[in-house]
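Trainee: model this:
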Amino acid sequence: MVRTQLIAHDKEVFDIAFSRAGGGRDIFASVGADGSVRMFDLRHLEHSTIIYEDAQQQPLLRLCWNKQDPNYLATMATDGLEVIILDVRVPCTPVATLKNHTACVNGIAWAPHSSCHICSADDQQALIWDIQQMPRPIDDPILAYRADGEINQVQWAAGQPDWIAICYNQSMEILRV
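Mentor: As a prediction, this is how the structure comes out:
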């Protein structure tokens with residue numbers, strides 16, 4: 001086992017995800033308490049690229065790469081009401097901000113087959129967005145589902161793209177979209 005410690009964030013690192021670019025082997029990104037998204041290449045670990053820094057230095061909790069286009073990734077801030085969509089080709093400037101939640105966002109996932117993105121939150125909603133119209137503003141989700149509790153996590157089935165799973169309270173629901 002080869003062990004390499006990367007020091008790039010100024011504070012705790014909360015999430016890491018590999019890109020599908022180049023066969024999913026070399027490119028990954030991380031988010032952390034310093035409010036930044038940093039992208040790394042395993043072939044050149046001495047450098048990282050800052051893709052985004054939150055203006056208020058709000059900690060970023062999660063990130064998720066688009067399954068169809070490895071240039072896009074989504075992130076969300078701790079206790080944030082929105083999801084930020086980033087294009088790695090245009091660092092530091094969000095290409096879209098998805099804003100229809102009324103409580104903090106808990107989960108994010110990309111569709112395995114299209115430009116759709118889903119997010120879930122404490123407001124009991126799972127919202128599906130079509131980001132195909134970027135860079136034009138995306139004002140409303142294309143689908144919304146209200147659960148019987150605060151949604152903690154959401155996943156899109158890789159092999160069955162018509163199905164998503166949400167978790168809330170002591171429940172899990174499998175939904176056809």
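Trainee: Who does the helix or strand of the chain with the lowest mean pLDDT pair with, and is each partner parallel or antiparallel?
Mentor: When the helices and strands of the chain are compared on mean pLDDT, DSSP states H and E, strand 116-121 comes out lowest with a mean of 86. If you go by DSSP bridges, strand 116-121 pairs up with strand 105-110 (antiparallel), strand 125-130 (antiparallel).
Trainee: any idea which element K11 lies in?
Mentor: Under DSSP states H and E, no helix or strand contains K11.
Trainee: And for it, the neighbour number?
Mentor: 12 (other CB atoms under 10 Å). Using the backbone N, CA and C atoms, a C-beta is placed for each residue, glycine as well.
Trainee: which residues touch the least confident helix or strand of the chain?
Mentor: 66, 74, 76, 81, 83, 85, 98, 101-111, 126-131, 142, 150-154, 156, 164, 166 (CB atoms under 8 Å, 6 or more residues apart in numbering).
Trainee: switch to 6 Å and redo it
Mentor: Residues from elsewhere that reach strand 116-121, judged by CB atoms under 6 Å, 6 or more residues apart in numbering: 83, 101, 103, 105-110, 126-131, 151, 154.
Trainee: Kindly report the same for stretch 45-54.
Mentor: 8, 35-40, 86, 88, 91-92.
Trainee: returning to what we had before: mean neighbour count, the strands paired with strand 116-121: which tops it?
Mentor: Greatest average neighbour count among the strands paired with strand 116-121 goes to strand 105-110 (a mean of 23), per mean count of other CB atoms under 10 Å.
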